[in-house]
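Participant: everything below, folded, please.
(2 chains)
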Amino acid sequence: MHALRTWLDRRIKWILIAPATLFVLVLIAYPIVFTANLSLTDAKRSTTRPSSFVGFENFWNLLTDTHRFWPAVGRTAFFTVAAITIEMILGILIALSLRKAFRGQAIVRVAMLLPLVATPVAVGVMWMLILEPNTGVANMILRNLGLPEPLWLADPSLALNTLILIDAWQWTPMVALIVLAGLTQIPSETEEAADIDGAGLFKKTWSVILPQASGSILAALLIRSIDAFKTFDILYATKGPGGGSNHEVETLNILAYSLSFDYQQYGRASAVLVLFLTLLICVVTSIVLMRRAVTR
Amino acid sequence: MRKRITTLGRGAMITLVVLGFIAPLAWMFLAAFKDNASITDPSQMIAFTPTLKNFHTVFITQDFAHYFFNSVLISGTSTFLGLVIGTPAAYATARFKLGGATGFIMFARVIPVVSLLIPWYFIFSQIGWVGTYQAMILATAFVSLPMVVAIMAGFYNELSPELEEAAMVDGLGRFGAFLRIVVPLSTPGLATSAILSFIFSWNAFLFALVLAGNQTMTMPAAMFQFMSYLGVDWGGLMAAAVVITLPVMLVALFLQRYIVAGLTAGTTKG
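Facilitator: Predicted coordinates:
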């Protein structure tokens, strides 16, 4: 008994971390190797059909595919950059306006949490009803104001932009909450010093308050970039397989999903995923490095 | 004067924020209690005769009670699994400076689920697990584990090691100190990680879309299937949306402190 305890205590760090590491190895690391391997084969149709090695053919086909692949890369980049720009700007503005305690604070905080916790598929369907071109409440209001009525999700040239706005509705609160947490940690002395120096509200905010919250702002940017890049639920729930009839909202994630589970082109889909993952890791690494440089 | 303008501006901004976030959800809740004629009738936007017909469609015609049970079972079990294997890992990384190990586990936060679904689907179909609860639970733990590790590692970084050290001096081994001293002290952190990981497991859609069978389908995937069945039965769809989102919204309402703590864990420092 004593020997067992000493044995356990001596190896405690490895024992404690072993189950989680095993989980990651078996369910994440191995599958990634599996995907990388599959991307070099012509696997399709059935999971039990024997596949043969085709080298980099899938990659070559993708990199020369200007019909589906490159537009999907473009849409992924556009969706991510646009959604994050809106969410960061609005989120920081909201956080700044909520910084000081006021009456009704609790209501505002709940109002921000609700979109954030709502199930994305339900959020997608909810907006489909609101933005329904003929009977939806959004166009009903626009009609009464005498404004033009867009077709929103039903318009192939507008669908992606509409989904960016829906994403912003759901995730701006996340940015606001994270930045707000950072802002509340700023000691009040620095702000008082700025007031004594006679700095205006804009100048004070820009050069005194925000720089001190840069750690939180970059953390919010990092979290949102990772998730915006991978957005799937609202795109697939509102536009279905292939990102709509003209592939108008087909991002890399939707393309990879549709290739594998709507068209059973596993080899090709794996090649998309390998490229997608590489891109994602580059983006995340650069934000992490940026954050390190700022917080140090 | 200037002060009054900024206060007014702030008030307007806050009102706008609250309305902007609440109004669409309120619309969804109202529509769930309307029949399809009232949903599209401008004169019945607010004043209408409420009906429970849509919930009848959802629960009786579409067997949503079963999917609700599946959602509870799968999110609950995967959250539990995440806590059981994630908490010791978080403790080890915080106390023994195994930063690399956390990075390894956090990698799960970065990769897109789709890149794992193909291999999972291949592997699970070879062992006959597609459509089973165990496949759904393991897959969903992919959401809960990184969340638990992130929140708990932050928690243990803040927790002073003095109590454990005292316990070890008193003769408890490191292992005993972890189980009998550290775990009970971790209740707030465990609650935060449990709540967050439950919410995000509950909302997960993609796993169920590929790995669930009719018996193990969770609500988000079931709702997606209804969209093709129900067509434009907006009332039915909104009732389904209410059934899915109401539980997480109630959690947000009553446990907001924990959710905010979990979402912002580790973000205020470098």
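Participant: tell me which element the nearest residue to B:Leu98 once chain neighbours are set aside is part of?
Facilitator: Distances taken as C-beta to C-beta, 6 or more residues apart in numbering or on different chains place B:Ala92 nearest to B:Leu98, at 5.9 Å, with adjacent residues excluded. C-beta here means a position set from N, CA and C on the backbone, and glycine is covered the same way. For B:Ala92, the host element (DSSP states H and E) is helix B:64-95.
Participant: give the buried residues for that helix.
Facilitator: For helix B:64-95, the neighbour count (16 or more other C-beta atoms under 10 Å in any protein chain shown) marks B:64, B:66-68, B:70-71, B:74-83, B:85-95 as buried.
Participant: cool, stretch A:241-260 as well?
Facilitator: So, applying 16+ other C-beta under 10 Å, buried residues of stretch A:241-260: A:242-244, A:247-260.
Participant: phi, psi of the nearest residue to B:Leu52 once chain neighbours are set aside?
Facilitator: Spatial nearest neighbour of B:Leu52, chain neighbours left out: B:Phe33 (7.4 Å); criterion: C-beta to C-beta, 6+ apart. The phi/psi pair for B:Phe33 (degrees, to the nearest 10) reads phi -100, psi 10.
Participant: hey, which helix or strand in chain B has the poorest pLDDT?
Facilitator: Within chain B, no helix or strand scores below helix B:99-110, which has a mean of 73 by mean pLDDT, DSSP states H and E.
Participant: so A:Leu277 touches B:Ser115, yeah?
Facilitator: Yes: between A:Leu277 and B:Ser115 there is a contact under C-beta atoms under 8 Å: 5.8 Å.
Participant: now the common contact residues for those two.
Facilitator: Residues touching both A:Leu277 and B:Ser115 by C-beta atoms under 8 Å, 6 or more residues apart in numbering or on different chains: A:Ile32.
Participant: circling back: and the residue nearest to B:Leu52, what's its pLDDT?
Facilitator: Reading off the confidence values, B:Phe33 has pLDDT 96.
Participant: between A:Leu277 and B:Ser115, tell me which one has more neighbours.
Facilitator: Counted by other C-beta atoms under 10 Å in any protein chain shown, A:Leu277 and B:Ser115 do not tie: B:Ser115 has more neighbours, with 26 against 20.
Participant: need the phi and psi values for that one.
Facilitator: phi -70, psi -20.
Participant: excluding chain neighbours, give the residue nearest to it in space.
Facilitator: A:Leu273 (4.2 Å).
Participant: pretty sure the one you found sits against A:Ser39.
Facilitator: Yes: with contact defined as C-beta under 8 Å, A:Leu273 counts as touching A:Ser39 (7.3 Å).
Participant: what about stretch A:154-161, distance to the chain center?
Facilitator: Distance, stretch centre to chain centre, for stretch A:154-161: 20 Å (C-alpha atoms, centre = their mean, to the nearest Å).
Participant: any part of it near chain B?
Facilitator: No: using C-beta under 8 Å from any C-beta of the partner chain, stretch A:154-161 stays clear of chain B, coming no nearer than 12.4 Å.
Participant: isn't B:Ala32 right next to B:Ala239, touching?
Facilitator: Yes: between B:Ala32 and B:Ala239 a contact is recorded at 4.3 Å, counting by C-beta under 8 Å.
Participant: okay, these two: which has more neighbours?
Facilitator: Per other C-beta under 10 Å, whichever of B:Ala32 and B:Ala239 has more neighbours is B:Ala239, with 28 against 25.
Participant: can you tell me which residues contact that one?
Facilitator: So B:Ala239 contacts B:32, B:54-55, B:57-58 (C-beta under 8 Å, 6+ apart).
Participant: again, only this time at 10 Å
Facilitator: Taking C-beta atoms under 10 Å, 6 or more residues apart in numbering or on different chains, we find B:Ala239 in contact with B:28-29, B:31-34, B:51-59, B:62, B:64, B:233.
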